[in-house]
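>>> here is a sequence with its predicted model. Questions after.
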Amino acid sequence: DNAASSPLPSARLHATLRPWAAQPLQQAQASVQALDLALLWPTAPRTALSGEAALRPLPDQPLTAWALQADLANAAPGRWNDARLPLAQLKAEGRLLQAETGAVMELESSEALLGPGGRDGRIRLQGRWQAAPALVQGEATLSGVSLAAVQQGWDAAPLAGRVTARQGADGIVRFAADLRAAAAATGGLRSVQALALQGQWNGARDGGTLVLDRLRLAALQARLEADDLTLSRTPLRAAGEARASLPGATLAWSGQWSAAQGRGQALLRWSDAAAAQAWLAQWPGMAERLAAGRASGQGEAQAQWQGGWQSALDAWAALQQGRPPAASAPGMPWQLRLRSDRGGWQPAGGTAATHWSGLDLQAQGDLRQLQLRAQGDVQSGPHRVAAQTEGQARWSAAGQWQTTVDRLEARWNKGRHTPWTARLD
């Protein structure tokens, strides 16, 4: 039967050692057959690896240079979520050099095939690493790589392109990527159409700083773009421009934000709230959170801010303790405006829907005092209210918010009943 004819797992290692030599290890060779990594490490994927890897001295420099070779095949490739290794075959050649300044490793060529029979894509790798002066560089070329062969549920349209990275003596890692999917990509939630990326990582600057000179990503039925975007860890800081679009909505952000200072703006627009809600509901855990009802309509939300986030955190902490924010830390001044020409909310369970038109909500100030303004026409069942109001909200010495209405005009009616009108100046 098949079980009886399957080869037994085995591994062999042969090495030549000369303890008295300057380089004790002269050569080494390892061979494996039907090796299952999961038997050695419980968390490793299931495999059936066969092949060999060798380390041999180069003829011209036997004690300071070695040739590296590997040729491995995996008879049972599979997806990560099936506890398998997508790799079907790996061939690699390189060199290991012992120079006066330190070790140098070169990966001259490497080819990895994915999926059964290598039909799900090919990845070619080249790279170099040296100790001094410090240098790390690498390049990966993808051809026909199917994400469906790596993880179940992803689009099977093949990806092709190149990814490069290089770290010089200054310690900065500069990277770039240009990947595109075949025209057959479905554009579904788990698909990648294109990625264009150029930037750098500086681990010595501000606890680690990521700079994205340019980012263009089309994936997951959405698009993300960024220009001159800088993210730092210590202190936490963000600066640049970013834009995102998804079914029924767009988001744009620009400015800078750090603990001590900041200035910027954000704009969220939705042309189809129902489409945006449906997109969000596809993500894990979101369907339950959005099950309370269905949104509809159009609108936008604008936000502007000045100052650093540390002042806002200090002001919020003071409010939580029942104290007014200090004059030196009033909270980050901001402005917020939400407008919706038309929209609605249909609660689950058949409850009467709420619809609105001409909605305009505004707030500006800080956590000590806010200026408020609102107007709109709201209808729920037979009830309809049209209102305009202006007022203020401030934190009092008693440790609570106080609201003052400066002006109010409201009109309420129910079906065909006589409207009720109120006015306050």
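Good, I have the coordinates. Because the structure is predicted, anything quoted here is derived from the model rather than measured.
>>> check the offset of the longest helix seen in the chain from the chain's centre.
Longest helix in the chain by number of residues (criterion: DSSP state H): helix 309-320. In terms of Cα atoms, centre = their mean, to the nearest Å, the centre of helix 309-320 is found 28 Å from the chain centre.
>>> also stretch 15-31?
On Cα atoms, centre = their mean, the centre of stretch 15-31 falls 46 Å from the chain's centre.
>>> end-to-end on it?
Its start and end residues considered, stretch 15-31 measures 12 Å (Cα to Cα, to the nearest Å).
>>> list the contacts of it.
With contact meaning Cβ atoms under 8 Å, 6 or more residues apart in numbering, stretch 15-31 is reached by 11-14, 51-57, 62-64, 66, 98. Where C-beta positions appear, they are placed from N, C-alpha and C, glycine not excepted.
>>> same thing with stretch 140-159?
77, 79-82, 86, 114-115, 120-125, 160-164, 179-182, 184-186, 188, 190-192.
>>> buried stuff in that stretch?
Residues of stretch 140-159 classed as buried by neighbour count (16 or more other Cβ atoms under 10 Å): 140, 142, 144-150, 154-155, 157-159.
>>> could these be laid out in JSON lines, adding pLDDT and secondary structure?
Listed next are these as JSON lines, based on pLDDT from 0 to 100; DSSP: H, G, I helix; E, B strand; the rest coil:
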{"residue": "Ala140", "pLDDT": "96", "secondary structure": "strand"}
{"residue": "Leu142", "pLDDT": "96", "secondary structure": "strand"}
{"residue": "Gly144", "pLDDT": "93", "secondary structure": "strand"}
{"residue": "Val145", "pLDDT": "94", "secondary structure": "strand"}
{"residue": "Ser146", "pLDDT": "91", "secondary structure": "coil"}
{"residue": "Leu147", "pLDDT": "91", "secondary structure": "helix"}
{"residue": "Ala148", "pLDDT": "90", "secondary structure": "helix"}
{"residue": "Ala149", "pLDDT": "90", "secondary structure": "helix"}
{"residue": "Val150", "pLDDT": "91", "secondary structure": "coil"}
{"residue": "Trp154", "pLDDT": "88", "secondary structure": "coil"}
{"residue": "Asp155", "pLDDT": "86", "secondary structure": "coil"}
{"residue": "Ala157", "pLDDT": "86", "secondary structure": "coil"}
{"residue": "Pro158", "pLDDT": "91", "secondary structure": "coil"}
{"residue": "Leu159", "pLDDT": "93", "secondary structure": "strand"}
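>>> among the residues you listed, which two are most distant?
Ala140 and Asp155 (20.2 Å; Cβ to Cβ).
>>> check contacts around the nearest residue in space to Arg46 that is not next to it in sequence.
Once flanking residues are discounted, Arg46 sits nearest to Ala38: 4.8 Å by Cβ to Cβ, 6 or more residues apart in numbering. By Cβ under 8 Å, 6+ apart, the residues touching Ala38 are Ala44, Pro45, Arg46, Thr47, Ala83.
>>> could you pull up the residues touching the fourth one?
What that stands for is Thr47. Contacts of Thr47 (Cβ under 8 Å, 6+ apart): Leu35, Asp36, Leu37, Ala38, Asn74, Ala76, Arg84, Leu85.
>>> show the pLDDT at it.
Looking at Thr47, its pLDDT is 94.
>>> any idea how far Arg95 is from it?
27 Å (Cβ to Cβ, to the nearest Å).
>>> do the same with the last one
Per Cβ to Cβ, Ala83 is found 35 Å from Arg95.
>>> which other residues reach the longest helix of the chain?
Residues contacting helix 309-320 (Cβ under 8 Å, 6+ apart): 236, 257-260, 262, 324-326, 329-332, 366-368, 395.
>>> rerun at 10 Å
If you take Cβ atoms under 10 Å, 6 or more residues apart in numbering as the criterion, helix 309-320 is touched by 235-238, 257-262, 305, 308, 323-326, 328-334, 366-368, 395, 399-401.
>>> output the below-cut-off pLDDT ranges for this structure.
Residue ranges of the chain with pLDDT under 70: 1-6, 22-23, 60-63, 183-187, 327-331, 397-399.
>>> spatially central residue for it, please.
The centroid of the chain falls nearest to Leu224 when counting by Cα atoms, centre = their mean (10.0 Å).
>>> ok, Ala276 - how many residues close by?
18 (other Cβ atoms under 10 Å).
>>> spit out the contact partners of it.
Leu246, Pro247, Gly248, Ala249, Thr250, Leu268, Trp270, Ala295.
>>> for stretch 113-129, measure first residue to last.
24 Å.
>>> what's the closest of the contacts of Ala276 to Arg373?
Among the contacts of Ala276, and counting by Cβ to Cβ, the member closest to Arg373 is Leu268, at 19.3 Å.
>>> show me where this structure has helices.
Under DSSP H, the chain gives helices at 2-5, 37-40, 273-281, 286-289, 309-320.
>>> could you redo those helices as TSV and give each row distance to Trp201?
Below are these laid out as TSV (distance: least, Cβ to Cβ, whole Å):
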stretch	distance to Trp201
helix 2-5	49
helix 37-40	31
helix 273-281	31
helix 286-289	31
helix 309-320	23
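>>> His355: which of those helices is closest?
Once the helices of the chain are compared by Cβ to Cβ, helix 273-281 is nearest, at 12.2 Å.
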